[in-house]
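[1] Model the following, please.
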Amino acid sequence: MADPRPTPLDALPPLPTAFAELLDALLPAAWRHTVQASYTAPKTVVWRLNPLRGHDPDQVLQALAPLAPRPIDAALGVYEVEPHWRSALTHHPLVEQGVVYIQGLASMAAVWALQPQPGEEVLDLAAAPGGKTALMAALMGNQGRIAAVEPVRARFHRMRANLLRLGVRCAQPYLKDGTVVGRLVPQRFARVLLDAPCSSQAQFTRLDPTSWHHWSPRKVRASAALQARLIHSAAEALRPGGVLVYSTCSLSPEENECVVDGLLRARDDMTLEPLPWPVELPALPGLTAWHGQTLHPDLSLARRILPTRRTDAFFIARLRKRGA
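    From the prediction side, this is the model:
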C-alpha cells in the first residue's frame, strides 16, 4: 500500500538550475514563497461549464456536488475542486460528454483577452488540443467561423475529436503549418489567437522530475525561433483594425517579450493594448528590458501569470493592427 504521507520538501528533486536562476531573475521578493510552493504540491483542478452542450448549470453542479466545487471570482461558469478529486472529475460522465471541460485559468485568460465576438472570422493558429478553440466558440455562441490550425497529425485528430465532443460547430480544423498561413490568407481574420508552442515550463513540478525531462535552455531558444515565425504569420493574417493575442505557457522572456518585441521592430502597424480580464490573476507586468537588451516600453501592458496553487505559468500580450 502506498504511503499517503507527503514527501518532505528536502527529499524532492530540485528544479533545473537554469530554470531556478530564471525564477530568481523574474520574481519579486513578495512572490517567491508562493511561486516556489506551487512546484511542491498538487494544484486545484479548474474547470468550466460548456454552454454549447445546453445543460442546465444547476443540474450540472448538483451532479458534481460530491466533489465540492467552488466558483472562481467573477468568472461566470468557472469552478475549482481540490486536487484529490482530479481523477473523479476527469473520468466523470459530464466530462466525457463535453458538458464540463477541465481547463486552466491562464489558458482561459488568453481567450478572454482576445474577446471573440459572434459572427466574426477568427484564426486559432496553434489550436490543438482545442480547449481554447472551444471557449472561443462558446463566447461566440457558435456564430461565425474559427479556422483552427494544427500542423501535427496526431494532435490535429485529437483536436477534431475534442471539438466534436464539446459541440463546436463554427470551427473548421486545418492540418497546416501555421508559419505559412499569413502568406496564404493575408489580412483575412478579425482576431487571431496564437498560443504558441513553447518550452512548456507550466508543466514543471518537483513531484515529478520527468516534467522537465525534455526542457533545456536550448529548447527555449528553439521554441523562440519557431514562435518568431508564427507571430509574423499571425500578424500577416490579421486584417487592419484586428486583434492578435500572443501567449505561451513559458516564463522565459526569450519566448515572450523578446518575440513580441521582434514583431514590433519589424512592423510599424502593430501596437500593444491593455489586457481585458474578468478575474484577478496573479501576474506581473511584461518586461521592458532583459539581459541588457532594451525592449519596447509598451510591453509593460503584457502580463506574466505566475504559477500558484490555482494558476499555471503563462504569458499573454494583446496587439492591434492599425487601420480599419
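[2] C-alpha from now on. contacts and neighbour counts both.
    Fine.
[3] As a check, name the ranges of all helices in the protein.
    17-26, 29-38, 57-63, 86-90, 93-96, 105-114, 131-139, 153-165, 181-184, 217-237, 257-266 (DSSP state H).
[4] now the residue nearest to Trp85 when sequence neighbours are not counted: how far from Gln59?
    Leaving aside its chain neighbours, Trp85 sits nearest to Leu67 (6.4 Å; criterion: C-alpha to C-alpha, 6 or more residues apart in numbering). Applying C-alpha to C-alpha, to the nearest Å, the value for Leu67 to Gln59 is 14 Å.
[5] in the protein, which segments are predicted with low confidence?
    1-9, 324 (pLDDT under 70).
[6] domain parsing for it?
    Domain ranges of the chain: 39-102, 105-321, per automatic domain parsing.
[7] Name the nearest residue to Arg155, sequence neighbours excluded.
    In space, not counting the residues next to it along the chain, Arg155 is nearest to Ala128; the distance is 5.9 Å by C-alpha to C-alpha, 6+ apart.
[8] sorry, back to before: out of the helices of the chain, which one sits most buried?
    helix 131-139 (a mean of 24; mean count of other C-alpha atoms under 10 Å).
[9] Tell me how far that one lies from the chain's centre.
    Here helix 131-139 is found 12 Å from its chain centre; the criterion is C-alpha atoms, centre = their mean, to the nearest Å.
[10] Please work out which residues outside that helix touch it.
    50-52, 101, 103, 107-108, 111, 115-118, 124, 127, 143, 146, 148, 162-163, 166, 168-171 (C-alpha atoms under 8 Å, 6 or more residues apart in numbering).
[11] 7 Å instead?
    Residues outside helix 131-139 that contact it (C-alpha atoms under 7 Å, 6 or more residues apart in numbering): 51-52, 108, 111, 116-117, 124, 127, 163, 166, 168, 170.
[12] got it, and stretch 91-99?
    So stretch 91-99 is contacted by 49-50, 53, 55, 100-101, 165-166 (C-alpha under 7 Å, 6+ apart).
[13] got the end-to-end distance for it?
    13 Å.
[14] heads up, I number from 502, so please use that
    Okay, residue one is now 502; in that scheme the one you just asked about reads as stretch 592-600.
[15] Could you measure from Leu802 over to Pro777?
    As judged by C-alpha to C-alpha, Leu802 and Pro777 stand 11 Å apart.
[16] What of Ala542?
    Taking C-alpha to C-alpha as the measure, Ala542 falls 30 Å from Pro777.
[17] With neighbour numbers in mind, choose between these two.
    Per other C-alpha atoms under 10 Å, whichever of Ala542 and Pro777 has more neighbours is Ala542, with 17 against 13.
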